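S.K.: Curious how this folds, go ahead:
(one chain, ligands or ions: 1)
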Amino acid sequence: MASIFTKIINGDIPCYKVAEDDDHIAFLDINPNAKGHTLCVPKKEVDKIWDMDKEAYLNLMDFSYKVATAIESSVPCERVGMTVIGLEVPHVHVHLIPLSSMKNATFQHKVSLEKTEFEDVAKRIGEHLK
Ligand code: 5GP
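M.R.: Residues are numbered from 1 along each chain as shown. I've put the predicted structure just below:
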């Protein structure tokens, strides 16, 4: 069965898209640790990151770098953290999280955003992509 992220990639489920290329998509996490929390996802569905072939892994890191630097330029924070977990969604994704304190990195404290806040931050990050 297709993962929830494949359904997003195929346009069957909506998302707040931040960036896309032929092989990847970046969209806001629907239950963010902090405003601007973004997921970078390879379009090819693979469960675990270490099962990716090396070229695909490096391409995902390159895509994530572009998105992370755009977040750092557009979302107020101390720095942008990167985490890979995958316990909830078995489709490789890189979490990029604007960090102001350790609290933002724990996945125990969530922020609640209005639709317009998701739209605004997705647009702002998108405008800072190089
Ligand atoms: P993980 O698999 O790394 O433990 O966590 C999966 C992440 O995906 C969670 O932070 C969760 O909020 C996010 N997520 C789960 N379902 C959806 C969805 O349908 N849309 C979006 N944008 N994010 C989702």
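
S.K.: which stretches of the chain have low pLDDT?
M.R.: Within the chain, the set of residues satisfying pLDDT under 70 is empty.

S.K.: Geometric centre of it: which residue is closest?
M.R.: The residue lying closest to the centre of the chain (Cα atoms, centre = their mean) is Leu39, at 1.3 Å.

S.K.: The nearest residue to that one once chain neighbours are set aside and the ligand, how far apart?
M.R.: Residue nearest to Leu39 in three dimensions, not counting chain neighbours: His93, with 4.5 Å by Cβ to Cβ, 6 or more residues apart in numbering. Bear in mind the C-beta positions are built from the backbone N, C-alpha and C, glycine included. Distance of His93 to the ligand, given as Cβ to the nearest ligand atom, to the nearest Å: 6 Å.

S.K.: Would the longest helix seen in the chain count as contacting the ligand?
M.R.: In the chain, assigned by DSSP state H, the helix with the most residues is helix 54-74. No. Helix 54-74 lies apart from the ligand when judged by Cβ under 6 Å from any ligand atom; the minimum separation is 13.8 Å.

S.K.: who does that helix touch, helix- and strand-wise?
M.R.: Secondary-structure packing of helix 54-74 (3 or more Cβ pairs under 8 Å, 6 or more residues apart in numbering; DSSP states H and E): strand 17-20, strand 24-28, strand 38-42, strand 79-83, strand 94-99, helix 115-127.

S.K.: okay, the angle between the third one and helix 54-74?
M.R.: The one in question is strand 38-42. Calculated by axes from the mean of the first three to the mean of the last three Cα atoms, to 10 degrees, strand 38-42 forms an angle of 160 degrees with helix 54-74.
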